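In: Predicted model and sequence follow; I will ask about them next.
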Amino acid sequence: WIKPLPDTVQEQVTEAIGLGFDGIIVYVDQGGKAPAFYAAGWKNRESKIPADPHALFKIASIGKLYDAVAITKLVGTKRLSLDKTLADYFPELAGRIENAETITLSMMVQHRSGIPNMTEIPSFWTNPPKNRQEALERVLDLPANFKPGESYEYSNTNYMLISMLIEKITGQSHFQYIKAAILDRLGLSNTFGSIHEINMDDLMSGYYVGVAEDIKTTDYSS
């Protein structure tokens, strides 16, 4: 028999906890109705603090959407070109990242560059890099995963290079530019660049499946 779907949003959110989520928050803004938050599970699993609709979450790779918008704005003002290559913007990477002379900015934005994903290198997790430069060094001189533009593969390295490019072109830190160009204009006052900018008690705990450790204090913004 097919199990019937839950009747309400809250029932669906509560059911998700039974599927392995530690905590979940859902916000629904439907025309003609007042916006509503729905919560289930834990804000902090160890301390048994219930999920809080007003808690902050780490957005992880959702941040790439901000990067893509930032690139679009810089292209729109002619400060960047999607057709220029990685080597055009970072000449020092020619010969260090395979195909740097033919990988375009567009390919990096679309994950079609062939540049290896730094987070898939075992040492990234066993001996985490201390900053972006150390992370970049993990992929230097490695063979490309495919010829530029001929396939697709998600690669965190693409967007690390994009964040470095934003800084090089604007003269601002990556987050400073995004804050001024996007966040402030949209009134997104609860979006931050680092856990060092917030009260950690406001942050939702985070867990990997099968790992007991709370990773909310790990900062990946360097």
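Out: Structure received. Residues are numbered from 1 along each chain as shown.
In: For the residue nearest the centre of the chain, give me its contacts.
Out: Geometric centre of the chain, nearest residue: residue 61, 1.8 Å, by Cα atoms, centre = their mean. Shown in contact with residue 61 (Cβ atoms under 8 Å, 6 or more residues apart in numbering): 156, 159. C-beta coordinates here come from the backbone N, C-alpha and C atoms, glycine included.
In: what do you get if the cut-off is 10 Å, keeping everything else the same?
Out: Going by Cβ atoms under 10 Å, 6 or more residues apart in numbering, residue 61 touches 67, 154, 156, 159, 220.
In: Could you do residue 9 as well?
Out: Residue 9 neighbours (Cβ under 10 Å, 6+ apart): 26, 28, 30, 36-38.
In: Could I get the residues you listed in TSV, plus columns for secondary structure and pLDDT?
Out: As requested, those are exported to TSV (DSSP: H, G, I helix; E, B strand; the rest coil; pLDDT from 0 to 100):
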residue	secondary structure	pLDDT
26	strand	95
28	strand	95
30	coil	90
36	strand	95
37	strand	96
38	strand	96
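In: Could you check how far residue 191 is from residue 76?
Out: 22 Å (Cβ to Cβ, to the nearest Å).
In: show me where pLDDT drops low in the chain?
Out: For the chain, the stretches with pLDDT under 70 are 1, 220-222.
In: Could you chop this structure up by domain?
Out: 1-59+195-222, 61-186 (automatic domain parsing).
In: ok, which stretches of the protein are helices?
Out: 9-17, 63-76, 86-89, 105-109, 122-126, 132-137, 156-170, 174-178, 184-186 (DSSP state H).
In: for the ones you listed, which one sits closest to residue 211?
Out: helix 122-126 (11.4 Å; Cβ to Cβ).
In: who touches that closest one?
Out: 117-119, 129, 134-135, 138-139, 156.
In: what's the neighbour count on residue 214?
Out: 17 (other Cβ atoms under 10 Å).
In: what sits against it?
Out: 22, 44-47, 203-207.
In: separation between the closest residue to residue 55 other than its chain neighbours and residue 13?
Out: The spatial neighbour of residue 55 that comes closest, neighbours along the chain excluded (Cβ to Cβ, 6 or more residues apart in numbering), is residue 204 at 4.5 Å. In this view, residue 204 and residue 13 are 14 Å apart by Cβ to Cβ.
In: for residue 91, same thing?
Out: Taking Cβ to Cβ, one finds residue 91 at 51 Å from residue 13.
In: and what of residue 188?
Out: From residue 188 to residue 13 the distance is 24 Å (Cβ to Cβ).
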